[in-house]
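In: got a structure for you, letters missing:
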Ligand SMILES: Cc1cc2nc3c(=O)[nH]c(=O)nc-3n(C[C@H](O)[C@H](O)[C@H](O)COP(=O)(O)OP(=O)(O)OC[C@H]3O[C@@H](n4cnc5c(N)ncnc54)[C@H](O)[C@@H]3O)c2cc1C
């Protein structure tokens, strides 16, 4: 059974432990700016929303890649960037309609969530269970994915 | 969800007539994605892909990174697994299609043979246009379109060599970095009043030009090449306004046109040389489809038909065409969002949809000229319809998400008018609120 990240923004306190854990795991530094998960702050409402790739079925990033540098890890279901193949063209960063693939100017490659190979550090670090790693079917992912269903795009493509 | 996506489970149920013979002309991204999608849809189909370049199917988009030595030639290949096409029973034929006989459903190869088809996909891409000036056929002038061109450019870019680049469109701008890092003395000549005039607005294009200037690149806008003269060694490039530059290499990146000449007289309707298609990517002749740079396809934003000539569109076309080749009418093309992202010597710019704005719409802008950062958003009512950005690399895709989702922004529109950088927040609020 594939597992995925389930995010419950209501439980997020904005502590940024997830960003720290992510950047440390993936970049070797405690630097939220290098995190693949990002907590957005809505000051007016006092709300925090952690946000990262949902490993969506559409895999816009994977299909847009001109050199096959993004491939699905069959074990985790994550779309992973192969650094050695990525040329840094950034087409995936505009193809992903969720804005979850980013270009890293230091390395000249793109970065995105890869579920830490099946042991996501953000979920481990979250002290309030706002981020948990659970069976894919049981997540609120559908809500995050509802995007695709909402678009005109979807309606006509089904036709 | 978009049913036109490979990897969709259950696709095979769509097939009405299995085992048809599909012939694809052109082995670029559109052709390759179509071939693979067809294979997934119909394991019994016969699939042949005819390409006229000597290399395995590759991605033109990767050429700039080959020029800058980030990758070798194999790094440009669309599929990395050796034997990929054989494994998927896709026959790759190295030949050029000379003409199509739409009545007898067969095509003629320049090699002499004929190939019959049940369904035909035209995915022959585009070809560069050379500016019509004397001397343009000189051997020191090259396009930057194929791997063969890339090899010629690499050979001509010795450190210190004087190089003239004709055209500061998006392709010109992407290869700038490679040329600069090769240490050549570079002059760029652009006809328009700014860099990348068909993708960036005045502010953005002007900032990019200043950036290039600061990096030591001589960019001439509102300038035209008038002639290229043989001068024994380097050529003499004559430029409007009485200017001239000597060059060891002239690279022409002055635009492209659809590559469908071989269809002239076949009965397939062309518009400005591109194949006219409907929302099933079908041409005026039933059974013949077109995809990618050669197709005049639907634009998501305007609903009109045009040639976008970008990679993501080629892939979308290829997928939709394949579904309809396997089962006509099964997938309707919603239209592709015109979008692009460029890295010009480290400064990143992007454009989306109707970045020029729409009548009666609103524009939000924020600029920091010193830092080379810029964003402009275009709204139609409270929907985002287009944008330009400069110097931004984080979460830019969400602009596409907002445009393509046609989300109503409500009160977030005012917030974006005040601070256009809040696109990600706006997206979260309206899409998941
Ligand atoms: C240097 C460069 C940089 C680029 N950068 C970007 C970018 O950053 N972003 C972006 O979105 N796009 C970019 N592009 C454009 C992108 O590469 C094209 O949109 C894309 O290649 C189109 O794919 P296609 O399959 O339609 O056509 P092509 O890739 O052109 O493939 C068509 C193939 O068909 C072959 N063919 C043509 N006629 C025949 C015939 N009669 N018989 C047999 N074979 C034939 C051609 O030789 C070619 O191999 C770039 C292009 C270049 C050259």
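Out: Happy to help now that I have it. Treat the numbers as computed from the prediction; the structure is a model and nothing was measured.
In: and chain A, which of its residues are near the ligand?
Out: A:89, A:91 (CB under 6 Å from any ligand atom). Just so you know, the C-beta spots here come from the backbone N, C-alpha and C atoms, and that holds for glycine as well.
In: Let me see the confidence value for residue B:5.
Out: You'll see residue B:5 listed with a pLDDT of 39.
In: Any chance you could list what contacts stretch B:407-417?
Out: If you take CB atoms under 8 Å, 6 or more residues apart in numbering or on different chains as the criterion, stretch B:407-417 is touched by A:150, B:362, B:364, B:377, B:379, B:381-384, B:402, B:422-423, B:425-427, B:429-431.
In: Just confirm residue B:249 contacts residue B:161, I think it does.
Out: Yes: using CB atoms under 8 Å, residue B:249 makes contact with residue B:161 at a distance of 6.5 Å.
In: higher neighbour count, these two?
Out: When residue B:249 and residue B:161 are compared on other CB atoms under 10 Å in any protein chain shown, the one with more neighbours turns out to be residue B:249, at 22 against 17.
In: For that one, grab phi and psi.
Out: Dihedral pair for residue B:249: phi -150, psi 140, per degrees, to the nearest 10.
In: give me every residue that touches the closest residue to it other than its chain neighbours.
Out: Among residues not flanking residue B:249 along the chain, residue B:156 sits closest, at 3.5 Å (CB to CB, 6 or more residues apart in numbering or on different chains). Residues in contact with residue B:156 (CB under 8 Å, 6+ apart) are B:140, B:142, B:163, B:248, B:249.
In: The first one: neighbour count?
Out: Going back to what we said before, that points to residue B:140. Counted with other CB under 10 Å, the neighbours of residue B:140 add up to 19.
In: per-domain residue ranges of chain A.
Out: If you go by automatic domain parsing, the domain ranges for chain A are A:1-52+A:116-154, A:54-112.
In: So which helix or strand of the chain has the lowest pLDDT on average?
Out: I'll assume chain A. The weakest-scoring helix or strand in chain A, judged by mean pLDDT, DSSP states H and E, is helix A:152-158 (a mean of 36).
In: Correction: the question concerned chain B.
Out: In chain B, no helix or strand scores lower on mean pLDDT, DSSP H and E than helix B:170-181, which sits at a mean of 90.
In: Now residue B:71: closest residue in space, sequence neighbours ignored.
Out: Computed as CB to CB, 6+ apart, the closest residue to residue B:71 that is not its neighbour in sequence is residue B:65, at 5.1 Å.
In: is it true that that neighbour lies in a helix?
Out: Yes: according to DSSP: H, G, I helix; E, B strand; the rest coil, residue B:65 belongs to a helix.
In: And it, how close does it get to residue B:350?
Out: Distance, residue B:65 to residue B:350, by CB to CB, to the nearest Å: 18 Å.
In: Those two: which has the busier surroundings?
Out: Neighbour count, other CB under 10 Å: between residue B:65 and residue B:350, residue B:350 has more, with 27 against 24.
In: sorry, back to before: give me the contact status of the least confident helix or strand of chain B with the ligand.
Out: Yes: remark: helix B:170-181 sits within contact range of the ligand at B:171, B:174, by CB under 6 Å from any ligand atom.
In: packing partners for that helix?
Out: Here helix B:170-181 touches helix B:63-67, strand B:162-166, strand B:185-189, strand B:249-252, strand B:339-344, going by 3 or more CB pairs under 8 Å, 6 or more residues apart in numbering or on different chains; DSSP states H and E.
In: so what strands line up beside the next helix or strand along the chain from the longest one?
Out: So the one you mean is strand B:339-344. For strand B:339-344, the succeeding helix or strand toward the C-terminus, using DSSP states H and E, is strand B:347-353. If you go by DSSP bridges, strand B:347-353 pairs up with strand B:339-344 (antiparallel), strand B:383-390 (antiparallel).
In: The ligand contacts on the stretch 1-150 of chain B?
Out: By CB under 6 Å from any ligand atom, the residues of the stretch 1-150 of chain B that approach the ligand are B:25-31, B:50-53, B:60-61, B:63-64, B:96-97, B:123-125, B:144-145.
In: can you tell me which of the residues you listed are up against chain A?
Out: Contacts with chain A within these, counted by CB under 8 Å from any CB of the partner chain: B:29, B:61, B:64.
In: give the contact list for residue 125.
Out: You didn't pick a chain, so chain A it is. A:17, A:18, A:20, A:21.
In: my question was about chain B
Out: The neighbours of residue B:125, taking CB under 8 Å, 6+ apart as the test, are B:26, B:28, B:30, B:60, B:259, B:292, B:293, B:294, B:314.
In: circling back to that earlier point, output the contacts of residue B:156 as TSV; include the columns pLDDT and distance to residue A:36.
Out: As requested, the contacts of residue B:156 are arranged in TSV below (pLDDT from 0 to 100; distance: CB to CB, whole Å):
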residue	pLDDT	distance to residue A:36
B:140	96	47
B:142	97	41
B:163	96	39
B:248	96	45
B:249	97	41
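In: Okay then, goodbye and thanks.
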